[in-house]
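*Asks:* Need the 3D shape of this:
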Amino acid sequence: MPDDAAAARDEAEEASAFSHPVVPPDATAAYGDHPDQVVDFYAPRDGAESAPLVVALHGGAWRAPYDRQHFTPFADFLARRGFAVANVEYRRGSSLPQQGGTGPVAGRWPETFDDIAAALDALPRLVREVLPQGDPRRTVVVGHSAGGQLALWAAARHLLPEDAPWHTAAPAPLRGVVALAPIADFVTARDLDVCSGAPAQFLGGEAVFEKRLPYADPAALLPTGIATTLVQGRADTTVPYAVAEAYADAAAKAGEVVGLTLLEDVGHFPLIDPAADACAVVAEEIAQLAW
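*Replies:* Reported below is the predicted structural model:
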């Protein structure tokens with residue numbers, strides 16, 4: 001597809017995904033004192049008394065302008081499919097332009113990871129308190145783009161270096177992870193200049209990039225022992241499918257098989273767009289792990 005046609009398709013797909021109105025949650029709870037340390041909860045719309053819990057981690061290159069609000073239609077879509085949903089907010093990069101560059105900085109080190117770890121640790125208690133329909137024993141973590149990286153990382157905390165503050169002694173009690181167009185391999189993503197240098201920015205710059213990879217890069221944290229599926233559009237120009245393939249290859253070298261579903265003629269945003277067929281595929285991948 002010519003570059004101009006690809007750009008037009010991407011623009012149309014993004015416009016569709018962002019065209020849905022924000023869906024208010026059924027409840028909101030804090031897992032910390034910072035305004036961004038909150039979780040929005042959506043009860044299963046079918047009235048089920050017990051449902052699998054989907055932990056939703058939004059994308060946006062870990063940058064401040066992209067918060068959980070754009071993920072609310074997707075969260076509601078999953079709730080209408082019978083899931084209990086926890087839409088997690090977390091601290092992202094500063095809203096100020098990066099020094100010597102343009103646009104906001106990607107992520108905060110170490111605060112972004114602090115928040116994901118704290119949120120996942122707090123969720124069983126929060127679910128009991130505000131979303132009793134959610135069953136923490138049937139938890140699937142789902143993340144899109146940068147949120148896909150965070151989802152894979154959350155499932156691999158037991159593989160972090162022992163000096164990492166987020167390290168856990170045992171694997172998280174998850175049914176699985178579904179990572180949607182994830183920034184799953186930081187080296188490949190950096191080499192492809194994914195999201196205008198976001199992976200290197202997130203880790204604090206090129207000077208510390210290699211040093212921090214073992215603490216952040218999903219491709220360096222394998223095998224997790226947790227069922228993992230990647231869903232990726234072949235036509236994605238935001239996070240090219242080569243990034244997902246690199247993660248799958250790294251998993252195979254580590255002796256682990258991860259699922260990789262490549263969707264033809266699908267870009268970056270249909271995976272979280274309730275109006276797109278790809279979103280139904282995502283829901284089915286979640287269901288296969290959750291039930």
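
*Asks:* can you map out the helices along the stretch 101-250 of the chain?
*Replies:* 111-130, 146-154, 186-191, 198-202, 206-216, 241-253 (DSSP state H, counting those that start in this stretch).

*Asks:* Quick check: which of those helices is buried the most?
*Replies:* Of all those, helix 146-154 carries the top mean neighbour count, a mean of 30, counting by mean count of other C-beta atoms under 10 Å. For glycine as for every other residue, the C-beta is placed from the backbone atoms N, C-alpha and C.

*Asks:* Phi first, then psi, for Leu271.
*Replies:* phi -60, psi -20 (degrees, to the nearest 10).

*Asks:* could I get the helices of the stretch 101-250 of the chain as a markdown table with mean pLDDT and distance to Ser94?
*Replies:* As requested, these are arranged in a markdown table below (pLDDT from 0 to 100; distance: least, C-beta to C-beta, whole Å):
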| stretch | mean pLDDT | distance to Ser94 |
| --- | --- | --- |
| helix 111-130 | 98 | 11 |
| helix 146-154 | 98 | 15 |
| helix 186-191 | 98 | 20 |
| helix 198-202 | 96 | 10 |
| helix 206-216 | 97 | 17 |
| helix 241-253 | 98 | 25 |
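
*Asks:* Would you mind telling me which of those is nearest Asp4?
*Replies:* Evaluated with C-beta to C-beta, the helices of the stretch 101-250 of the chain place helix 241-253 nearest to Asp4, the distance being 20.7 Å.

*Asks:* mind checking how far the closest one is from the chain centre?
*Replies:* Distance of helix 241-253 from the chain centroid (C-alpha atoms, centre = their mean, to the nearest Å) equals 17 Å.

*Asks:* do the same with stretch 61-73
*Replies:* The answer for stretch 61-73 is 11 Å, by C-alpha atoms, centre = their mean.

*Asks:* if we look at that stretch, which residues are touching it?
*Replies:* The set of residues external to stretch 61-73 that reach it, using C-beta atoms under 8 Å, 6 or more residues apart in numbering, is 17-18, 20-25, 36, 40, 56, 58-60, 87-89, 92-95, 103-108, 112, 144-147, 195-196, 198, 202, 272-274.

*Asks:* cutoff 7 Å now
*Replies:* Stretch 61-73 is contacted from outside by 18, 20, 22-23, 40, 56, 58-60, 87, 89, 92-95, 104, 106-107, 112, 146, 195, 198, 202, 272, 274, using C-beta atoms under 7 Å, 6 or more residues apart in numbering.

*Asks:* Which residue, neighbours along the chain excluded, lies closest to Trp62?
*Replies:* Leaving aside its sequence neighbours, Trp62 sits nearest to Gly107 (C-beta to C-beta, 6 or more residues apart in numbering; 3.4 Å).

*Asks:* Just give me the neighbour total for the one you found.
*Replies:* When neighbours are counted by other C-beta atoms under 10 Å, Gly107 registers 28.

*Asks:* try the one 3 residues further on
*Replies:* Close neighbours of Pro110, defined as other C-beta under 10 Å, add up to 17.

*Asks:* List the strands paired with the lengthiest strand in the chain, with their directions.
*Replies:* Using DSSP state E, we find that the single longest strand of the chain is strand 134-144. Note on strand 134-144: by DSSP bridges, its sheet partners are strand 51-57 (parallel), strand 176-180 (parallel).
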